[in-house]
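Enquirer: No letters, just coordinates:
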């Protein structure tokens, strides 16, 4: 499983970084397609838990947020967010009046959650790449830090911790028994090391790189656990089967969404 995962990463990782560097439609279209696949997977997960979800309402709502995310001002996403939430509200009222399903309020909340996570938070993939200054550098470091933290956490938690007598202490026993505190700490250490080195060649200050690495390596595993919660409730192991060894699209971006959002605001603060 790990070798299969590593092989896919070695192939797609450089391609992803190339698309980040290119920007424009070369970046927007693949990322939007990945987010669209993740949205479909989210809808399917919610349906597994008994929620009534509408693809015809959800998809246009999140896509509108991605499109306006092409403009590097956060305020541009807020009207689009309001439109999406309004459409979901109308749909929930219709469901209730027609008595289509029970527990309409829970369906409403599930759709709001999808729009906020995959639409608004997802729009930061585009907001960060369209920053006025150092856009591709910030985006690259956000992705790199998340990937390094994830891989290092796996390797340290599974192989290294036991050999150096640290033991294995589960980070979240119920949601993800294989994730360990040792792996979490190892992910932070290696992410800081790699991101600081990479930032040195990109013109990003070392202090900013250090803060960035701490943020993404500390936050990204929590995003992964949040989607694990949804999968547990739905009774499935993976959100989909898009990539061998990696699961679905939602499995791949669950950590990245939160990392990219954090780095976007860090970049705004520093700028």
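Expert: Nice, I can see it. Since we're looking at a predicted model, the values are computed, not measured.

Enquirer: give me the number of residues near residue 264?
Expert: Neighbour count for residue 264, taken as other C-beta atoms under 10 Å: 23. From N, CA and C alone the C-beta is placed, and that goes for glycine too.

Enquirer: nearest residue to it other than its sequence neighbours?
Expert: In space, and not counting its chain neighbours, residue 264 is closest to residue 128: 4.3 Å by C-beta to C-beta, 6 or more residues apart in numbering.

Enquirer: give the contact list for that neighbour.
Expert: 135, 138-139, 142, 260, 263-264, 267 (C-beta atoms under 8 Å, 6 or more residues apart in numbering).

Enquirer: now the stretch 151-271 of the chain, which segments are flagged as low pLDDT?
Expert: Across the stretch 151-271 of the chain, the ranges flagged by pLDDT under 70 are 159-168, 244-246.

Enquirer: Which residue ranges of it form helices?
Expert: Secondary structure of the stretch 151-271 of the chain (DSSP state H, counting those that start in this stretch): helices at 161-163, 181-200, 206-234, 249-270.

Enquirer: likewise the stretch 1-150 of the chain?
Expert: Going by DSSP H, counting those that start in this stretch, the stretch 1-150 of the chain shows helices at 2-22, 24-48, 55-68, 77-98, 104-114, 124-129, 135-155.

Enquirer: possible to save the ones you listed as JSON lines with distance to residue 192?
Expert: JSON lines is the format used below for those (distance: least, C-beta to C-beta, whole Å):
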{"stretch": "helix 2-22", "distance to residue 192": "19"}
{"stretch": "helix 24-48", "distance to residue 192": "26"}
{"stretch": "helix 55-68", "distance to residue 192": "31"}
{"stretch": "helix 77-98", "distance to residue 192": "30"}
{"stretch": "helix 104-114", "distance to residue 192": "32"}
{"stretch": "helix 124-129", "distance to residue 192": "20"}
{"stretch": "helix 135-155", "distance to residue 192": "8"}
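
Enquirer: just to revisit the earlier point, what's the closest of the helices of the stretch 151-271 of the chain to residue 84?
Expert: helix 249-270 (16.5 Å; C-beta to C-beta).

Enquirer: And the furthest pair within the contacts of residue 128?
Expert: 135 and 260 (11.9 Å).

Enquirer: Could you check which of these two has the larger neighbour count?
Expert: residue 260 (26 against 18).

Enquirer: which residues does the more buried one contact?
Expert: 124-125, 128, 139, 142-143.

Enquirer: 10 Å instead?
Expert: By C-beta atoms under 10 Å, 6 or more residues apart in numbering, residue 260 lies in contact with 121-129, 138-139, 142-143, 146, 216, 220, 253.

Enquirer: that older thread, pick the most buried one from the helices of the stretch 1-150 of the chain.
Expert: Of the helices of the stretch 1-150 of the chain, the one with the most neighbours on average (mean count of other C-beta atoms under 10 Å) is helix 124-129, at a mean of 26.

Enquirer: now that helix: mean pLDDT?
Expert: Across helix 124-129, pLDDT averages out at 96.

Enquirer: Same check on stretch 89-101?
Expert: Rounded mean pLDDT across stretch 89-101 is 84.

Enquirer: That stretch: how far from the chain's middle?
Expert: Its chain's C-alpha centre lies 30 Å from the corresponding centre of stretch 89-101 when counted by C-alpha atoms, centre = their mean, to the nearest Å.
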